[in-house]
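1. would you be able to build a 3D model of this:
(2 chains)
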Number of protein chains: 2
Amino acid sequence: MIDPRVASGLRDLPPSLAIPREHLATVFRGVFARAGFVPIETPHIERLEVLTGKGAGSEEVLRQIFDVTNKGGKPGELALRFDLTVPLARFIAKHVDTVGVPFKRYAIGSVFRGERPAKGRFREFTQCDVDIVGVDGPLADAEAVLAIHDALKAAGIPPFRIKLNHRAILDGLLETLGASERLPAVLRSLDKLDKIGRDKVIEELTGVRRRPEGQGESDAAAPCSPPEETECEPVLTPEQAARVLNFAEKGRGGLEVLDLAKIDPEAAAHPKAIAGVERLRQVVELAQAGGADPERIGVDLGLARGLDYYTGIILETVVLGWERFGSVASGGRYDNLAGLFTSRRLPGVGASIGLDRLLALLEEAGTLETRGTIAPVLVTWFPGVPGAVPLGLAARLRAVGVGAEVYPEPIAVGKQMGYGSQRGHRLGLIVGPDEVAARVFNLRDLASRDELKAIPWDRLESTIQHRLNLSEGAPA
Amino acid sequence: MIDPRVASGLRDLPPSLAIPREHLATVFRGVFARAGFVPIETPHIERLEVLTGKGAGSEEVLRQIFDVTNKGGKPGELALRFDLTVPLARFIAKHVDTVGVPFKRYAIGSVFRGERPAKGRFREFTQCDVDIVGVDGPLADAEAVLAIHDALKAAGIPPFRIKLNHRAILDGLLETLGASERLPAVLRSLDKLDKIGRDKVIEELTGVRRRPEGQGESDAAAPCSPPEETECEPVLTPEQAARVLNFAEKGRGGLEVLDLAKIDPEAAAHPKAIAGVERLRQVVELAQAGGADPERIGVDLGLARGLDYYTGIILETVVLGWERFGSVASGGRYDNLAGLFTSRRLPGVGASIGLDRLLALLEEAGTLETRGTIAPVLVTWFPGVPGAVPLGLAARLRAVGVGAEVYPEPIAVGKQMGYGSQRGHRLGLIVGPDEVAARVFNLRDLASRDELKAIPWDRLESTIQHRLNLSEGAPA
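-> Model prediction:
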């Protein structure tokens, strides 16, 4: 006997989770399509060299790649994709002459990362991406923000906030501090602000650091320059660190925080910061013109994650009260999306919803309706009734768009009803030999246990639709 | 620069194919759900031992498995699934106590086989499966048939025919011939009847065969018994072969061919054949009671593929006139679905639609509508118009469920319209500075080039919905 477990870090989704997950994906697809995005499909398997090109993924992600080998094939040639952005870059480089730009695509698919298994972290997870390729302007940025906003809103996600920043603003600040080359280290520390707090971040930025042995440049909290030293200067002076922290802390809010002069007059006068602020203001205003709720779109000038690979706006999204789940939707703008694969400059802006993280959050928040059925009606039948009767009645309901499951065997009707109650069917239709003779059926409300008797078959569709409308209006 | 090609045997789907493919999957999901099936999700990656258990896949399929290795992981532990049935068997063995039986699940997902790349054959393809687990009766068989019938019909697939057979019928025939042990070889030859014709099949069944060198037992057209011989007896005598061929050829049609006595009186009297015929008749009658068109459900007593692993009914589906594409939907019944993983006997019946094969067929048949957009409306805007105007108009359309793409930059309006014509938008909405001042828009029908001028903004939704209804009614 073979153990039916899944491999470490992977999981099965039973119907109670797969149903709401599929519902979310369907809602997202509808929103994306209505906004003019179109789907593409790329293989789960890519050539390894496509995934490991310089800048395709962070060192951490590259260490997590799953290699794929065909029987008889050579190892090291194929791998599973770790996101949907690198495949998009490859796709557009290959197909740009036929699909053209601007190109607005969405994709919902599994990606794979061999992360250390942990609660809520899976080695296969689903991303829901939108991207607009080939356009530099702010309206494309706003459309990416709107796609996330409209998708989460349409899916009934609890109050969320999309936080926006622009890379040029922090660039400008660091330049006024004369610390441009320290940007990566500053970003890494700032990224931890919510988690470790102000004091720890300042300590990290201003302390003399010993690089942990055996750890590469990219992982050091405060990389040394020159890199061959193991003990190195602090990232920032205490004065610089104070200004960075002040900037990050006061730079959270609505459009009003874009009045940078009130936060850091010197940075506010820097040309890069001015340009970044102007762009961010345009994006927020356009998103609002496109229907975004003002309270769901915010500015966060300390938002740092991803700033080292994005070149324009960046965004993250938290569900209020559930910040510890991290960002459920993130993205930003690239100057040159497909530079690994083509000499043609193709700017891009996009965002990605983490479907599994969102589902885990909703599950924990208790807002998931976790039924074991989609069809609201269960047709039950007594022994002695020909199967053609329940199947014929169900077919009539299915034909008018009402989900109707037939219990597949005429076991005791009480057991059939028990199955329906457990799965979450709303209505149980009952036909016994007497009902067949009289061409009627009985109908039980599986929540209230009320039963209507002897409804004629010719009133099947109207009766069921009426009862379902009633029970939909009722509290679940 | 990295070559942006996909690996051998894989492919990208541009929007013109991904849009209809996604539409098919959505239609299938809706049909399956209305019939009481529920989705589950299992990982693309399974433990290798799960996939290679005895009987999980044919030798051919096992040779095609893609191995998966995590960085630092051991090779030979993980692999990509090659179908959705083995994962279902593992799932139900693991979760049967929580999900219970009967269990009716659907799953739509990618599977992977390292087949020799060839036209129309891909190493990653999508299966759309329905299965009913835990029930022996004929109504479950009929529901599997109905799911395929209703899904293909709802998707507007050209006239198709679901062909049914039952394993016990051919078992009975072979037993009356005293040739039971030759069943696998007979099935392999019969399976080629349409392709190579009657004479070649008879030749194959009755000739003395030399086993091709270096080929294993499973691939030989007529395996020897004992297997160590390389030259061996014919599979059948000429008389036996004639009866088998007669059976297969006369056994095609509707319910009338189940009157076996007219085809082969001796086989018709065999208890196994009697039982198989009775079951097949029940299944066809139930499927018709459930709404199946009689001309779309047929009997084919020579249908052989899969009979060596199914234990009850089997089914295949051809699109009439496109038989050379092979079966677009196949399935059957297993006595014991999950025997590899649990000692609990769990019968199952299911069927699987090959989404990529179906898509390739529709593409070649010219029945695919291959637009480059889902949204029917393109909003275009002149330089000098604030982006908030087109985005605001689009948002109003999106809010009432009308897909509206905003061209992301105010380039020359003619170019924006060219983009719309090329992608297949139906209507182009135009706002220039004059229209903004007057709070109106112009509307161009991108097919007819007719243009309505100066429509007030407050008539946006009603005008667009009216025009779209008109253009939907018009020939495409």
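2. please report phi then psi for A:Ile313.
-> phi -70, psi 150 (degrees, to the nearest 10).
3. is it in a bridge, and if so with what?
-> In this structure, A:Ile313 has the following beta-bridge partners (DSSP bridges): A:His166.
4. again with the one 4 residues further on
-> Beta-bridge partners for A:Thr317, by DSSP bridges, are A:Ile162.
5. what sits against it?
-> Each residue near A:Thr317 by CB atoms under 8 Å, 6 or more residues apart in numbering or on different chains is listed here: A:Ile148, A:Leu152, A:Phe160, A:Arg161, A:Ile162, A:Lys163, A:Ser327, A:Val328, A:Ala329, A:Ser330. From N, CA and C alone the C-beta is placed, and that goes for glycine too.
6. now do A:Val319
-> Taking CB under 8 Å, 6+ apart as the criterion, A:Val319 is in contact with A:Ile157, A:Pro158, A:Pro159, A:Phe160, A:Phe325, A:Val328, A:Leu361, A:Ala365.
7. and chain B, which of those reach it?
-> Contacts with chain B within the contacts of A:Val319, counted by CB under 8 Å from any CB of the partner chain: none were found.
8. farthest pair in the residues you listed?
-> Maximum pairwise distance in the contacts of A:Val319, criterion CB to CB, is 13.9 Å, between A:Pro159 and A:Phe325.
9. neighbour count: these two, which is higher?
-> It is A:Phe325, of A:Pro159 and A:Phe325, that has more neighbours when counted by other CB atoms under 10 Å in any protein chain shown, with 18 against 14.
10. wait, isn't that one in contact with A:Glu363?
-> No: with contacts defined as CB atoms under 8 Å, A:Phe325 does not count as touching A:Glu363, sitting 10.8 Å away.
11. ranges for the strands of the stretch 51-200 of chain A?
-> Taking DSSP state E, counting those that start in this stretch to define them, one finds strands in the stretch 51-200 of chain A at A:66-70, A:78-80, A:103-112, A:124-133, A:160-166.
12. work out which residue lies at the spatial centre of chain A.
-> Computing the C-alpha centroid of chain A and ranking residues by CA atoms, centre = their mean puts A:Ile353 first, at 1.8 Å.
13. in what helix or strand does that one lie?
-> Under the criterion of DSSP states H and E, A:Ile353 resides in strand A:348-354.
14. could you say what helices and strands that strand packs with?
-> Here strand A:348-354 touches helix A:85-99, strand A:124-133, helix A:138-154, strand A:329-334, going by 3 or more CB pairs under 8 Å, 6 or more residues apart in numbering or on different chains; DSSP states H and E.
15. mind putting those into a markdown table with mean neighbour count?
-> Shown next, in a markdown table, are those (neighbours: other CB atoms under 10 Å in any protein chain shown):
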| stretch | mean neighbour count |
| --- | --- |
| helix A:85-99 | 21 |
| strand A:124-133 | 23 |
| helix A:138-154 | 26 |
| strand A:329-334 | 25 |
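16. now render these as CSV, adding distance to A:Ile19.
-> Written out in CSV, the entries for those read as follows (distance: least, CB to CB, whole Å):
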stretch, distance to A:Ile19
helix A:85-99, 28
strand A:124-133, 15
helix A:138-154, 17
strand A:329-334, 22
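17. A:Val318: which of the ones you listed is closest?
-> Checked against CB to CB, the stretch from the helices and strands packed on strand A:348-354 lying closest is strand A:329-334, at 9.2 Å.
18. give me the angle between the closest one and strand A:124-133.
-> Inter-element angle recorded for strand A:329-334 and strand A:124-133: 40 degrees (by axes from the mean of the first three to the mean of the last three CA atoms, to 10 degrees).
19. now do strand A:329-334 and helix A:138-154, the angle between them.
-> 170 degrees.
20. so, low pLDDT: which residues of chain A?
-> Confidence mapping of chain A against pLDDT under 70 gives the ranges A:209-231, A:471-476.
21. what domains does the record give for it?
-> Split into domains by automatic domain parsing, chain A comes to A:15-179+A:236-365, A:377-473.
22. now A:Gly276, nearest residue through space, not along the chain?
-> In space, and not counting its chain neighbours, A:Gly276 is closest to A:Ala168: 3.3 Å by CB to CB, 6 or more residues apart in numbering or on different chains.
23. would you check that the one you found makes contact with A:Ala267?
-> No: under the criterion of CB under 8 Å, A:Ala168 makes no contact with A:Ala267, lying 11.0 Å away.
24. comparing those two, which residue is more hemmed in?
-> Neighbours per residue (other CB under 10 Å) separate A:Ala168 from A:Ala267, with A:Ala267 holding more: 26 against 22.
25. and that one, what does it touch?
-> For A:Ala267, the contacting residues are A:Ile169, A:Gly172, A:Leu173, A:Thr176, A:Arg243, A:Phe247, A:Leu260, A:Ala273, by CB under 8 Å, 6+ apart.
26. and for the third one, the neighbour number?
-> What that stands for is A:Leu173. A:Leu173: 30 surrounding residues under other CB under 10 Å.
27. wait, it sits on A:Ala273?
-> Yes: if you go by CB under 8 Å, A:Leu173 and A:Ala273 touch, sitting 6.5 Å apart.
28. which of the domains of chain A is buried the deepest?
-> With neighbours taken as mean count of other CB atoms under 10 Å in any protein chain shown, the domains of chain A reach their highest mean count in domain A:15-179+A:236-365, at a mean of 20.
29. close to chain B, is stretch A:137-145?
-> Yes: part of stretch A:137-145 sits close enough to chain B to count as contact by CB under 8 Å from any CB, namely A:Gly137, A:Pro138, A:Leu139, A:Ala140, A:Ala142, A:Glu143.
30. now the closest residue to chain B within the stretch 1-150 of chain A: how far from B:Glu435?
-> Residue nearest to chain B within the stretch 1-150 of chain A (CB to the nearest CB): A:Gly36, separated by 2.4 Å. Going from A:Gly36 to B:Glu435 by CB to CB, to the nearest Å gives 21 Å.
31. do A:Ala168 as well
-> When CB to CB is applied, the distance between A:Ala168 and B:Glu435 equals 34 Å.
32. repeat that for A:Gln465.
-> Plainly put, A:Gln465 is 45 Å away from B:Glu435 if you go by CB to CB.
33. what's the answer for A:Gly100, then?
-> Here the distance between A:Gly100 and B:Glu435 works out to 27 Å (CB to CB).
34. spell out which residues of the stretch 301-450 of chain A are next to chain B.
-> A:338, A:340-343, A:372-375, A:378, A:387-392, A:394-395, A:398-399, A:401-409, A:419, A:422.
35. assign A:Ile411 to helix, strand or coil.
-> Assigned by DSSP: H, G, I helix; E, B strand; the rest coil, the conformation of A:Ile411 is coil.
36. contacting residues for it?
-> For A:Ile411, the residues meeting the contact criterion (CB under 8 Å, 6+ apart) are A:Pro383.
37. run the last query once more with 7 Å
-> Neighbour list for A:Ile411: empty [criterion: CB atoms under 7 Å, 6 or more residues apart in numbering or on different chains].
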